[in-house]
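Colleague: A structural model of the following input is requested.
(one chain, ligands or ions: 1)
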Amino acid sequence: MQHIDMNETVISIRDLYKSFGEKHVLEGINLDLHKGENVAVLGRSGTGKSVLIKIIIGLLKPDAGTVKVLGEEVSQLDDVALRALRLKVGFSFQSSALYDSMTVGENLAFPLKRNNREFTPEQIRKTIDIVLDAIGLPETINQLPAELSGGQKKRIGIGRTLILRPEIMLYDEPTAGLDPITSMELNRLINAVKERFNTSSIIITHDLTCAKSVGDKIAVMDDGKFISQGTFDEVFTGNEELIKSFYDYNFIQ
Ligand SMILES: Nc1ncnc2c1ncn2[C@@H]1O[C@H](COP(=O)(O)OP(=O)(O)OP(=O)(O)O)[C@@H](O)[C@H]1O
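Modeller: As a prediction, the model looks like this:
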């Protein structure tokens, strides 16, 4: 098991606020992601989870508060520094965002060719093989995305993010639209990625099973704030109505 280093914080968010006009989306977010830790951010639709991720990777600027990623204050970085930081932070999109006209191998090679031009074809091939092995899909290398199942596409999407060997992974709804068995496989993959690539991750989800399976810590978001943070058992022994209804909803559906 990968060790969680509580002395090393890879993402540190303090008193974060973000509004769009009259709409207050984030209202005082505080969160620490430690090295080797997986934090599942659980929340209903529209609570601001995507806005939070966009601020972490510098796509949106906060109105107030600080976000430090790998020691750097994101809102202070210029474009060059931001691009360099983004190479260390892998963002796995909800839609796997694969190029339909490229094979799996070409999709995986793409970020490497764009960002590490000094890679030889042999190094690229080797890196692709390592990632395909890690995501359990070596046989798909010459297939097109249209020939893959939804679960396979998600795995390749995660693989394409891993190819640049990020230190931090951000997963946006990794199990959305998948059946329970495929979802469980994805959860196992997220845990395997952490072990094999020594990543620290934030996993955004409204799937309680996913949060429980992958989250060393769960942070429950409501109305722009975290109303509870802790291990799954700590969070779900609380008495707050929203947390209880989340739990009930997930287990009776
Ligand atoms: N660029 C923007 N301009 C105006 N409003 C925005 C913008 N981006 C997000 N919002 C609003 O912020 C709120 C939170 O959106 P966000 O996408 O972060 O929710 P979410 O928690 O990720 O939801 P879901 O689970 O459905 O993806 C929504 O009300 C949305 O309309």
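
Colleague: buried stuff in stretch 5-20?
Modeller: The neighbour-count check on stretch 5-20 (16 or more other C-beta atoms under 10 Å) flags 9, 10, 11, 12, 13, 16, 18 as buried. Using the backbone N, CA and C atoms, a C-beta is placed for each residue, glycine as well.

Colleague: with just CA atoms, put it into CSV.
Modeller: The C-alpha atoms that make up stretch 5-20 are tabulated as CSV, following Å, rounded to 0.1, in the frame of the first residue of the first chain:
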residue,chain,number,x,y,z
ASP,A,5,2.5,11.5,3.8
MET,A,6,0.5,13.8,6.0
ASN,A,7,3.5,16.2,6.2
GLU,A,8,3.5,16.8,2.5
THR,A,9,0.5,18.7,1.0
VAL,A,10,0.3,18.6,-2.8
ILE,A,11,-2.9,20.7,-3.1
SER,A,12,-3.8,23.2,-0.4
ILE,A,13,-7.0,25.2,-0.8
ARG,A,14,-7.9,28.0,1.7
ASP,A,15,-11.1,30.1,1.9
LEU,A,16,-11.9,29.9,-1.7
TYR,A,17,-14.8,32.0,-3.1
LYS,A,18,-16.2,32.1,-6.6
SER,A,19,-19.3,33.8,-7.9
PHE,A,20,-20.7,34.3,-11.4
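
Colleague: the strand ranked longest in the chain - contacts with which helices or strands?
Modeller: Using DSSP state E, we find that the single longest strand of the chain is strand 5-20. Secondary-structure packing of strand 5-20 (3 or more C-beta pairs under 8 Å, 6 or more residues apart in numbering; DSSP states H and E): strand 23-35, helix 49-56, strand 64-69, strand 200-205.

Colleague: next, the angle helix 49-56 makes with the third one.
Modeller: Between the direction of strand 64-69 and that of helix 49-56, the angle (axes from the mean of the first three to the mean of the last three C-alpha atoms, to 10 degrees) works out to 70 degrees.

Colleague: any idea which of the helices and strands packed on strand 5-20 has the lowest pLDDT on average?
Modeller: Among those, helix 49-56 has the lowest mean pLDDT, at a mean of 92.

Colleague: hey, which of the helices and strands packed on strand 5-20 is tucked in deepest?
Modeller: Of all the helices and strands packed on strand 5-20, strand 200-205 has the most neighbours on average by mean count of other C-beta atoms under 10 Å, namely a mean of 26.

Colleague: now it - C-alpha only, CSV.
Modeller: Extracted C-alpha coordinates of strand 200-205, given in CSV (Å, rounded to 0.1, in the frame of the first residue of the first chain):
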residue,chain,number,x,y,z
SER,A,200,-2.3,11.7,-5.3
SER,A,201,-5.8,12.3,-6.6
ILE,A,202,-9.0,14.2,-6.3
ILE,A,203,-12.0,12.2,-7.6
ILE,A,204,-15.2,14.1,-8.2
THR,A,205,-18.3,12.0,-8.1
